[in-house]
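K.L.:
one predicted model, sequence on top.
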Amino acid sequence: QVHYVEFGGGLVQAGGSLNLSCSASGLNFGEYAVGWFRQAPGKEREGVARISPLGTPIIANSWKGRFTVSKDKVANTLYLQMNSLKLEDTGIYYCVAGRWCYSAAEVDYWGQGTQVTVSS
């Protein structure tokens, strides 16, 4: 049974930073593609960042240059460093794992989600 623990969400002013973390038990991040999806209010879930099983990080265009994704293999923990936050970054951020994780349909394991709210 897979169990996620996500930390780091909250309320931040535009231009600020947050660091999300996600630890998993029952699942080895090193064996899967892992990453973060975001669900904005009234919209579908979309991929924000992804790390391949070989460790290659990818940031989606909307967040490129502002967000960084990383993984601690020993701690089996995934991180998302979010800088220069914008109002449109608001949403629920989900830690994910799966064989591919290029789209929501390809995610096998979803975290419980953590709310990020960016205010003006």
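P.N.:
That came through fine. Residues are numbered from 1 along each chain as shown.

K.L.:
excluding chain neighbours, what is closest to the residue most central in space within the chain?
P.N.:
Centroid-nearest residue in the chain: Trp36, 2.3 Å away (criterion: CA atoms, centre = their mean). Using CB to CB, 6 or more residues apart in numbering and skipping the chain neighbours, the partner closest in space to Trp36 is Val48 (4.5 Å). Every residue, glycine included, has its C-beta placed from N, CA and C.

K.L.:
surely the residue nearest to the centre of the chain meets Ala97?
P.N.:
No - shown here, Trp36 and Ala97 do not form a contact pair, counting by CB atoms under 8 Å, at 10.7 Å.

K.L.:
I'd like to know how far the residue nearest to Trp36 sits from Ala33.
P.N.:
According to CB to CB, to the nearest Å, Val48 stands 13 Å off from Ala33.

K.L.:
same question, Arg66
P.N.:
In terms of CB to CB, Arg66 sits 22 Å off from Ala33.

K.L.:
higher neighbour count, these two?
P.N.:
Ala33 (22 against 15; other CB atoms under 10 Å).

K.L.:
and the helix or strand of the chain with the lowest mean pLDDT, which residues are buried?
P.N.:
Across the helices and strands of the chain, the lowest-confidence element by mean pLDDT, DSSP states H and E is strand 3-7, at a mean of 85. Buried residues in strand 3-7, counting neighbours by 16 or more other CB atoms under 10 Å, are found at 4, 6.

K.L.:
list the helices and strands it packs on?
P.N.:
With contacts taken as 3 or more CB pairs under 8 Å, 6 or more residues apart in numbering; DSSP states H and E, strand 3-7 sits against strand 18-25, strand 91-98.

K.L.:
quick one, the first one and strand 91-98 angle?
P.N.:
Relative orientation of strand 18-25 versus strand 91-98 (axes from the mean of the first three to the mean of the last three CA atoms, to 10 degrees): 40 degrees.
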